[in-house]
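Trainee: Below are the sequence and a predicted model; questions follow.
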Amino acid sequence: MSKGEWDMDILHPQTARSAGAEALLGLQPSSSISITYHSLFGPHDDLMLLELDDKLLPEILQQRVTLRGQPDEDAVLCTASKTYAVKFVGTSNSVFLIPPSDEVSGSCNNKDDDNMMAASILKVAPGCMELVEVAPKLDELKLLLSQNPYSFIEASEMDTSEEGEKTGMGLYRWQDLVERIQASDEELKLGLQSLSAVEINGCWRILDDNYTHAILNMLLQDVTLNDWSVNALDEDEVLSVLEADGFPRNIAKHCLQVYCSKVDEGVGVSYKWKLDERLVCVCLAREILKGGKMKHEIFMEKWTRKLPDGMCASFDMLEGEVLTEKLGVETWLYSFSVSSLPSTPAERFSILFQQRPKWEWKDLRPYVRDLKVPGLTSEALLLKYTRRTQPTVEAEPVFSAR
Amino acid sequence: MQIKVKCSCGEGKCPEWAIVELQGAVEAQPSFQNCVENLQIGILCRPSSEESYTFTVGYHELMGAKQSLKKPILVLKKVKVDDEGEVELDVIGVIRHKILFKTRPKALISRAQPVLKPKINAPASLLN
């Protein structure tokens, strides 16, 4: 398109000094600046605006921030320790983006000071992305790792095959998990920990139930056989005995990490470990109730019989693991573990009320106390998802579905 | 999938960008719609030492003020890292202030014509 010389002179302030954002923001009193379209003005879809808290700026500068998600998910932004939903907020205003002068094209460097300075608009921004802190999506992690749990069969295969490195179905390395799970690195690590996952040949795995129960039972038997103290298990000793029992050393070590805590004991030749009474008892209870409902007395008898000397089981350890119901005069138990429930509040409450239409607070509490929604208190969560009834002032409140 | 957010400016040296925001839209006259590059939209003036501004577009004048943003806004640029379509977001600027014009445009009367002459020819008009 050609235009007359006259038009060009008037309309295209090419003689204006291109000064950019700094001149606009530093505009002195009683002065003016010309606002023009940039020579590279356009939609610039590759430019985006992201509003964020000042306190997140250092993380960005330290290159520790990533966007994570699958193509069909809404992207989240992850810092080292937190997860944020990214919401695009559109605006009907015209938001003119003005870069600094040396950006993109560079200034024309016209020294003719008689001309007015100009700040140029590179793009009209349709809106801005904003961040809202959200809970990490760790249910997906459980789902992925449950596809291919580590089992007896695999453990025995491993003995014979030399090359352990393989990428079969349902095997995920850390890098794969980072790409798949919408959670920050720190939240992902905690998630793996709470699933008692272990890294085997570079892949993060959970042990299948049979295998978990087998190795723990073996450890408890070894404790009794060798007359070890449950409060001071010697790492080297335990690992070599479990290895002799047929468990790979790394899995044996994992078992210590999951069911024991390290006892800090001076300059260690070999570390000492203390069995965690509650974790051991819960695992044994799960194993006993695997087959279904059981009478309370029978359960208690089986449960206590499995424990080594120096440990004792108490029923309140099973909060969030076991529910009771009265059938006639008898009390029956069944397994209902909070760890098997979804972590999004809506789904959690839906399953809870399918399980039982009415919940007393003392029963409900262990199944909801781990729910965390940034910006919502647990009272607010209850208010949102439950109906609370209290027949009399003294009576225990009862929660039912809304 | 994972997209890294990077800042190549280094050590808090991100150049500051600016926003001029107004209600409605600015539209170039039809004959210029496809060649607005370098076209002047209007004159932004700071009449006094206060942080208040006028923006004169064609026959219209807007009143506005400079605001510090409560939260900074980053300008991100999508950058292709390799041929397989992997991208990164590069932080190329930070915005901490905007000049917001939230009044309806005031029509300028013709008495001011001598001053405004150059702007009358400016082919941008303000739609609101």
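Mentor: The structure has been received and is ready for your questions.
Trainee: Can you list the low-confidence ranges for the chain?
Mentor: Just so you know, I chose chain A. Chain A contains residues with pLDDT under 70 at A:1-17, A:102-115, A:158-168, A:265-268.
Trainee: should've been chain B
Mentor: Scanning chain B for pLDDT under 70 picks out the ranges B:10-12, B:110-128.
Trainee: what ranges do the helices span in it?
Mentor: Residue ranges of the helices in chain B, as given by DSSP state H, are B:113-120.
Trainee: Centre-most residue in it?
Mentor: For chain B, B:Val20 is the residue whose C-alpha lies nearest the centre (CA atoms, centre = their mean; 3.6 Å).
Trainee: Test my guess that that one contacts A:Ser120.
Mentor: No - using CB atoms under 8 Å, B:Val20 makes no contact with A:Ser120, being 10.9 Å away. The C-beta positions use only the backbone N, C-alpha and C, and glycine is treated the same way.
Trainee: Tell me the bridge partners for the closest residue to A:Arg402 other than its chain neighbours.
Mentor: In this structure, A:Arg402 finds its nearest non-sequential neighbour in A:Arg387, 5.2 Å apart by CB to CB, 6 or more residues apart in numbering or on different chains. Beta-bridge partners for A:Arg387, by DSSP bridges, are A:Ser400.
Trainee: count of residues packed around A:Arg387?
Mentor: 12 (other CB atoms under 10 Å in any protein chain shown).
Trainee: so it touches A:Ser400, yeah?
Mentor: Yes - A:Arg387 is within contact range of A:Ser400, at 5.1 Å (criterion: CB under 8 Å).
Trainee: which residues do B:Val20 and A:Ser120 both contact?
Mentor: With contacts taken as CB atoms under 8 Å, 6 or more residues apart in numbering or on different chains, B:Val20 and A:Ser120 have A:Ile35, A:Ile98 as neighbours in common.
Trainee: for the closest residue to A:Glu321 other than its chain neighbours, what are its contacts?
Mentor: Leaving aside its sequence neighbours, A:Glu321 sits nearest to A:Ser337 (CB to CB, 6+ apart; 5.2 Å). Going by CB under 8 Å, 6+ apart, A:Ser337 touches A:Arg286, A:Gly320, A:Glu321.
Trainee: one step back: might you report the residue contacts of the residue nearest to A:Arg402?
Mentor: A:Phe399, A:Ser400, A:Ala401, A:Arg402.
Trainee: Look up which helix or strand A:Met48 falls in, please.
Mentor: Using DSSP states H and E, A:Met48 sits within strand A:47-51.
Trainee: counting contacts, what elements does that strand pack onto?
Mentor: In this structure, strand A:47-51 makes packing contacts with strand A:83-98, strand A:123-134, strand B:60-80, strand B:87-101, judged by 3 or more CB pairs under 8 Å, 6 or more residues apart in numbering or on different chains; DSSP states H and E.
Trainee: Give me the phi and psi angles of A:Ala80.
Mentor: phi -60, psi -30 (degrees, to the nearest 10).
Trainee: could you measure it against chain B, distance?
Mentor: As judged by CB to the nearest CB, to the nearest Å, A:Ala80 and chain B stand 12 Å apart.
Trainee: And the contacts of the lengthiest helix in chain A?
Mentor: Longest helix in chain A, counting residues (DSSP H): helix A:209-225. The contact list for helix A:209-225 (CB under 8 Å, 6+ apart) reads A:149-152, A:155, A:196, A:207, A:228, A:230, A:233, A:238, A:241-242, A:245, A:247, A:251-252, A:255, A:259, A:275, A:280, A:283-284, A:286-287, A:290, A:306-309.
Trainee: Run the chain-centre distance for stretch A:306-313.
Mentor: 34 Å (CA atoms, centre = their mean, to the nearest Å).
Trainee: cool, stretch A:298-309 as well?
Mentor: 35 Å.
Trainee: In helices, which of the contacts of helix A:209-225 appear?
Mentor: A:152, A:155, A:238, A:241-242, A:251-252, A:255, A:259, A:280, A:283-284, A:286-287, A:306.
Trainee: Mark which of the residues you listed are buried, thanks.
Mentor: Among the ones in helices among the contacts of helix A:209-225, those classed as buried by 16 or more other CB atoms under 10 Å in any protein chain shown are A:155, A:238, A:241-242, A:251-252, A:255, A:259, A:280, A:283-284, A:286-287, A:306.
Trainee: Can you pick out the most distant pair from these?
Mentor: Farthest apart among these by CB to CB are A:Val241 and A:Arg286. That separation is 24.1 Å.
Trainee: If A:Lys326 is in a bridge, with which residues?
Mentor: Taking DSSP bridges as the rule, A:Lys326 bridges to A:Thr331.
Trainee: What is the neighbour count of it?
Mentor: Using other CB under 10 Å, A:Lys326 has 9 other residues around it.
Trainee: do you know how far it is from A:Asp45?
Mentor: Per CB to CB, to the nearest Å, A:Lys326 is found 64 Å from A:Asp45.
Trainee: ditto for A:Lys290
Mentor: 55 Å.
Trainee: Could you do A:Arg387 as well?
Mentor: 48 Å.
Trainee: Then B:Arg96?
Mentor: As judged by CB to CB, B:Arg96 and A:Asp45 stand 24 Å apart.
Trainee: who's more crowded, those two?
Mentor: B:Arg96 (16 against 9).
Trainee: Show the contacting residues for the residue nearest to A:Thr83 when sequence neighbours are not counted.
Mentor: The spatially closest residue to A:Thr83, leaving aside those adjacent along the chain, is A:Pro136, at 4.7 Å (CB to CB, 6+ apart). A:Pro136 makes contact with A:Thr83, A:Ile181, A:Gln182, A:Ala183, A:Ser184, A:Glu187, A:Leu188, A:Gly191, according to CB under 8 Å, 6+ apart.
Trainee: Next up, identify which helix or strand the fourth one is on.
Mentor: Per DSSP H and E, A:Ala183 falls between elements, in no helix or strand.
Trainee: quick one, what contacts the closest residue to A:Asp46 other than its chain neighbours?
Mentor: Nearest non-adjacent residue to A:Asp46, counting by CB to CB, 6+ apart: B:Lys78, 4.1 Å away. Contact analysis of B:Lys78 by CB under 8 Å, 6+ apart lists A:Asp46, A:Leu47, A:Met48, B:Val87, B:Glu88, B:Leu89, B:Asp90.
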